[in-house]
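# I'll drop the sequence and a predicted model, then ask my questions.
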Amino acid sequence: LYKTFTTFFKKNLQMDLLKAYASSSDGEETNSPCTDTHPVVTQAPPESDDTLPALPEVTLPLVNSAPEISVTTIQAKTDTFFVPSDSRTVMYNPTYDQMYAPVLGPENPYRSEYQKGVKNSFGGYYEPAHVQEFDFEMQRRTFMQYGYANDPSTNVNPEAAGSVVGDLESFAENKGVMNYEKSDRKKKGPKRAREEFGEPSNVEGYNGPWRRYENEIRVSKPTEEEMAIIEAQKRSKPSRKTAEKEPVNLVEAKTILHISEPIDYQGRSFLEPPRDVGINFHSPSPPDKCFLPKKHLHTWEGHSKGVSAIRLFPRSAHLLLSCSMDTKIKLWEVYNERRCVRTYIGHGASIRDICFSYDGTKFLSASYDKTIKLWDTEHGKLLHTFNNRKMPYCVKFNPDGHKQHLFVGGYSDKKILTWDTHSGEVVQEYDRHLGAVNTITFVDDNRRFVTTSDDKSLRVWEWDIPVDWKYISDPSLHSMPAVTLHPSGKWLGCQSMDNQVLVFGTHRFSMNRKKAFKGHLVAGYACQVGFSPDGSYVISGDSQGHLVMWDWKTCRLFNKLKAHTNVCIGCVWHPLETSKVITCGWDGLIKLWD
C-alpha cells in the first residue's frame, strides 16, 4: 500500500508542474508565431491487481526555443547585404565594395586568378556604358593611330595623363592630340616644287595639271657599278637556250647477259616461250575460272633500289621486264629456273615507265633524265634515243601491228607527243591538258586512247587528231596516276588519289558510280591496278606493301596479302594462269604469288 501511494503522488506532482509551465508559456508567448499546440496523451500505467484512478489527458504546446532573427536587423548592424544567387535584380543601390565583396562560403583552392574574378561573360566582366557613337569612333581611331585613348571609366580632364590608357610616351610626344585634331609635329621637309602652269593659249608651253616636278628624273638607268654587277650575274647564270643545248646525264649504253647461252640447241632464243612447262602459250582464250593467290612462290632479287614498274612479255608472258630507280632494266624468266636473263644499262636517272612492242622484240623506257630510249630486247642494243628536254612520265607503243614505228609519250609540260622511230621526229602533238600527263591507255580497237593528268581530268583522243574527243572533269574527281583496261575491253580501272579504284566505261566514257573499290591506302602513290584474265577479280598494291584483292561484281574486299615491306607499286596477273600474280615494290624485290 505504501509503494502504491508513493507512485501515485509522484505522477500527480509531475503533471502539476507541466501544467504550470504550460500556463506560464501561454501567458508570455501568446502572440508568438512559433508557438503551436499539439495534443499530448499521457499513457496510463499498466493495469495491476489494485485498480488506480484514470489520469486526465493533458494538451501541451510546441515551443520553439531558437531566437527569432531578422535579416533586416543584421544588414543594418553589419552593413552586409544578402543577395540570392538566382536573383537578377537588386532592389537597392549597393556600394562598390558591396558589389565586389567575396562570395560567402568555402573557396575552391584549385581556381586560378582568372577564374576568381567576377565575370558576366566568357571573356571577363563587361560593364555597359553610354557613349556617343562619334566619341567612341574617335577614341578607337586615336588608339589605332597613336596607341592611346581616353579612359572611359574616369571623368577626369581628358588632357591629364592619368585619364589615358595605352602608350603614355606617344601621348606625351603628340601632346594628347586626338584623331580628328591636327598634330603640331613638324613635317619632314618642304613640299616639292613644280613647274609653272603656263598660259592655256600657248598649246606647246601649257603644262596644266601634268606639269613636272623640278629636278625630276624621267629616265632611270643603272650606274656603271650596277651594270658591272648585272653583267656578272648574267654570265654566271646560263640562259635557257644554253641549258637546253647541254647534254643531260649522258651514260654509255651497254648490256649484260646473265645466262651462258642466249640460243638453245635448236637455235631458239630466249624470246621463244618454253615448251616443257605444260602451258599452251598460243591459246587465244584466257582461263575459264580464276582463283585468288594465297602463298608466295618465288622472289626475284637483283635491283639495288625500288622497282618502278613491271611488264610481261606480249601474249606468252614467259618473260618479265622490270625497271628500277637504280637506272637499270632487267629481263627475268617466269618459268623453269626463273633466272635474270639480261640487264640493260643506259639511263642517267631513275626509270619511270617501260613498254613492250607488239611482238616483244623491242621495248621503250622513259626516264627522269628526260629521255626515252628504244632497245632491242634480244641483243640488248640501244636503237635510238628520243629527247624532248622535258620529263617523260609515261610511254606506250601503238598496239596495231602495222603502226609499230609510232609511239606516244606523256610529258611533264602537259603535252602528249607522237614519235616516229624511223625518223626520230615528232609527228603529232596533243596539247590540251592543264597538268603533267600520267597515263596513256588505248581503247576501242586502238582507234582512241585515254589519258589522265595531274589536272584531275580524263581526256579521250582520236588517234592522230590533236583535239580531245571527250573531256571528263568533276569537282569530286582526284588525280588518277594509274589506269588499266579490263580484259573485256569495256571498262577502265583508274587508281584515284582518294584511296579508291574508280571504273569508267569505254563506250560513253562515263563513270560507273555503282562500282568503287575501297579499303586500301594509295594517296600519293601511283600504284598499278590489275585484273584477272577472266575479269572476275581486281587487284592493286598500296602504300603499306599490301596486295589488295576485290570481287569485280560485288566490289567486296576479299583479302590483303603483305607482299612487300615498302610500297607495293606494281602488280600484274599472268594472262594464261588461273592464280599467278607478280608484284613489285620499293624494297627492290619482285615476287610471284599463287
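Right, received. Where do you want to start?

# need the helices for the stretch 451-594 of the chain, in chain order.
With helices called from DSSP state H, counting those that start in this stretch, the stretch 451-594 of the chain shows none.

# quick one: low-confidence ranges for it?
Along the stretch 451-594 of the chain, the model assigns pLDDT under 70 to no residue.

# How about the chain?
Those would be 1-85, 155-162, 182-189, 238-249, if you go by pLDDT under 70 across the chain.

# you'd agree residue 566 is up against residue 546?
No: if you go by CB atoms under 8 Å, residue 566 and residue 546 don't touch, sitting 11.3 Å apart. Glycine gets a C-beta too; all of them are placed from N, C-alpha and C.

# So those two - more neighbours on which side?
residue 546 (22 against 14; other CB atoms under 10 Å).

# Name the nearest residue to the more buried one, sequence neighbours excluded.
Ranked by CB to CB, 6 or more residues apart in numbering and with sequence neighbours excluded, the top spatial neighbour of residue 546 is residue 560, at 4.6 Å.

# cool, residue 339 as well?
Residue 339 sits nearest to residue 333 (CB to CB, 6+ apart), 5.2 Å away.

# For the one you found, give its distance to residue 466.
Applying CB to CB, to the nearest Å, the value for residue 333 to residue 466 is 42 Å.

# higher neighbour count, those two?
Applying other CB under 10 Å to residue 333 and residue 466 shows that residue 333 carries more neighbours, namely 17 against 13.

# so who does that one touch?
Residues near residue 333 by CB atoms under 8 Å, 6 or more residues apart in numbering: 270, 318, 319, 320, 339, 340, 341.

# Of these, which is the nearest to residue 533?
residue 318 (15.3 Å; CB to CB).

# Might one say that that closest one is in contact with residue 275?
No: the pair residue 318 / residue 275 is not scored as a contact, 10.3 Å apart, by CB under 8 Å.

# hang on, residue 227 in a helix?
Yes: per DSSP: H, G, I helix; E, B strand; the rest coil, residue 227 lies within a helix segment.

# How about residue 540: which residues does it bridge to?
residue 529, residue 548 (DSSP bridges).

# ok, now how distant is it from residue 453?
20 Å.

# Residue 231 should be in a strand, yeah?
No: Residue 231 sits outside any strand when classified using three-state DSSP, being helix.

# And for it, the neighbour number?
10.

# What of the one 5 residues further on?
Other residues lying near residue 236 total 7 when counted by other CB under 10 Å.

# Next, it: phi, psi?
Phi and psi for residue 236, reported as degrees, to the nearest 10, are phi -70, psi -30.

# Same question for residue 364.
The phi/psi pair for residue 364 (degrees, to the nearest 10) is phi -110, psi 150.

# quick check, residue 138 in a helix?
Yes: judged by three-state DSSP, residue 138 forms part of a helix.

# wait, it sits on residue 179?
Yes: Residue 138 is within contact range of residue 179, at 5.6 Å (criterion: CB under 8 Å).

# so what does the helix or strand that contains residue 429 touch, helix or strand wise?
Taking DSSP states H and E as the definition, one finds residue 429 inside strand 426-430. On a contact count with 3 or more CB pairs under 8 Å, 6 or more residues apart in numbering; DSSP states H and E, strand 426-430 meets strand 416-420.

# Run me through the strand neighbours of the strand it packs on, direction for each.
strand 406-411 (antiparallel), strand 426-430 (antiparallel).

# out of the ones you listed, which comes closest to residue 578?
The nearest among these, by CB to CB, is strand 406-411 at 32.4 Å.

# Can you get me a residue count around the residue nearest to residue 397 when sequence neighbours are not counted?
Leaving out its chain neighbours, the residue that sits closest to residue 397 by CB to CB, 6+ apart is residue 407, at 4.8 Å. Here the number of neighbours of residue 407 (other CB under 10 Å) works out to 23.

# same thing with residue 288?
So residue 288, with other CB under 10 Å, has 8 neighbours.

# List the residues that contact it.
residue 534.

# helix, strand or coil for it?
Classified using three-state DSSP, residue 288 is coil.

# which phi and psi does it have?
Torsion angles, degrees, to the nearest 10, at residue 288: phi -70, psi -40.

# repeat for residue 114
Dihedral angles (degrees, to the nearest 10) for residue 114: phi -70, psi -40.

# Going along the chain, name the strands of the stretch 251-400 of the chain.
254-257, 296-301, 307-312, 319-324, 328-333, 340-345, 351-356, 362-367, 371-376, 382-387, 392-397 (DSSP state E, counting those that start in this stretch).

# correct me, but residue 436 touches residue 393?
Yes: between residue 436 and residue 393 there is a contact under CB under 8 Å: 5.9 Å.

# what residues do the two have in common as contacts?
What both residue 436 and residue 393 touch, as defined by CB under 8 Å, 6+ apart, is the set 410, 411, 412.

# which residues touch the last one?
So that's residue 412. 390, 391, 392, 393, 436.

# ok, and the closest non-adjacent residue to it?
residue 391 (3.9 Å).

# My guess is the one you found contacts residue 409. True?
No: checked against CB under 8 Å, the pair residue 391 and residue 409 is beyond contact range at 10.3 Å.

# Which positions in stretch 461-473 come out as buried?
461, 463, 468, 472 (16 or more other CB atoms under 10 Å).

# Bridged to the third one, which residues?
Beta-bridge pairing of residue 468, defined through DSSP bridges, involves residue 461.

# could you dump the shared contacts of residue 436 and residue 393 to TSV with distance to residue 585?
Shown next, in TSV, are the shared contacts of residue 436 and residue 393 (distance: CB to CB, whole Å):
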residue	distance to residue 585
410	24
411	26
412	25
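
# Quickly name whichever of these is closest to residue 91.
residue 412 (80.3 Å).

# any idea how far the closest one is from residue 329?
21 Å.

# before we move on, what about residue 491?
30 Å.

# what does residue 572 give?
16 Å.

# what sits against residue 539?
529, 530, 531, 532, 547, 548, 549, 550, 571, 573, 581.

# List buried residues within these.
Counted by 16+ other CB under 10 Å, the contacts of residue 539 give 529, 530, 531, 532, 547, 548, 549, 550, 571, 573, 581 as buried.

# Tabulate those (JSON lines), appending distance to residue 121.
Output for the buried ones among the contacts of residue 539, formatted as JSON lines (distance: CB to CB, whole Å):
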{"residue": "529", "distance to residue 121": "57"}
{"residue": "530", "distance to residue 121": "62"}
{"residue": "531", "distance to residue 121": "63"}
{"residue": "532", "distance to residue 121": "66"}
{"residue": "547", "distance to residue 121": "59"}
{"residue": "548", "distance to residue 121": "54"}
{"residue": "549", "distance to residue 121": "59"}
{"residue": "550", "distance to residue 121": "56"}
{"residue": "571", "distance to residue 121": "61"}
{"residue": "573", "distance to residue 121": "66"}
{"residue": "581", "distance to residue 121": "65"}
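
# Looking at the residues you listed, which is nearest residue 165?
The closest of these, once distances to residue 165 are taken by CB to CB, is residue 548, at 65.4 Å.

# rewinding a little: out of residue 572 and residue 329, which sits in the more crowded spot?
residue 329 (27 against 22).

# beta partners for that one?
Beta-bridge partners of residue 329, as defined by DSSP bridges: residue 323, residue 344.

# quick one: contacts for it?
321, 322, 323, 343, 344, 345, 351, 354, 365, 375.

# which stretches of the stretch 451-594 of the chain form strands?
According to DSSP E, counting those that start in this stretch, the strands that the stretch 451-594 of the chain contains are 457-462, 468-473, 482-485, 491-496, 500-505, 511-518, 529-531, 537-541, 546-551, 557-562, 568-573, 581-585, 589-593.

# Turn those strands into CSV, including distance to residue 169.
Converted to CSV, the strands of the stretch 451-594 of the chain look like this (distance: least, CB to CB, whole Å):
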stretch, distance to residue 169
strand 457-462, 60
strand 468-473, 60
strand 482-485, 66
strand 491-496, 61
strand 500-505, 63
strand 511-518, 64
strand 529-531, 70
strand 537-541, 67
strand 546-551, 67
strand 557-562, 69
strand 568-573, 65
strand 581-585, 67
strand 589-593, 71
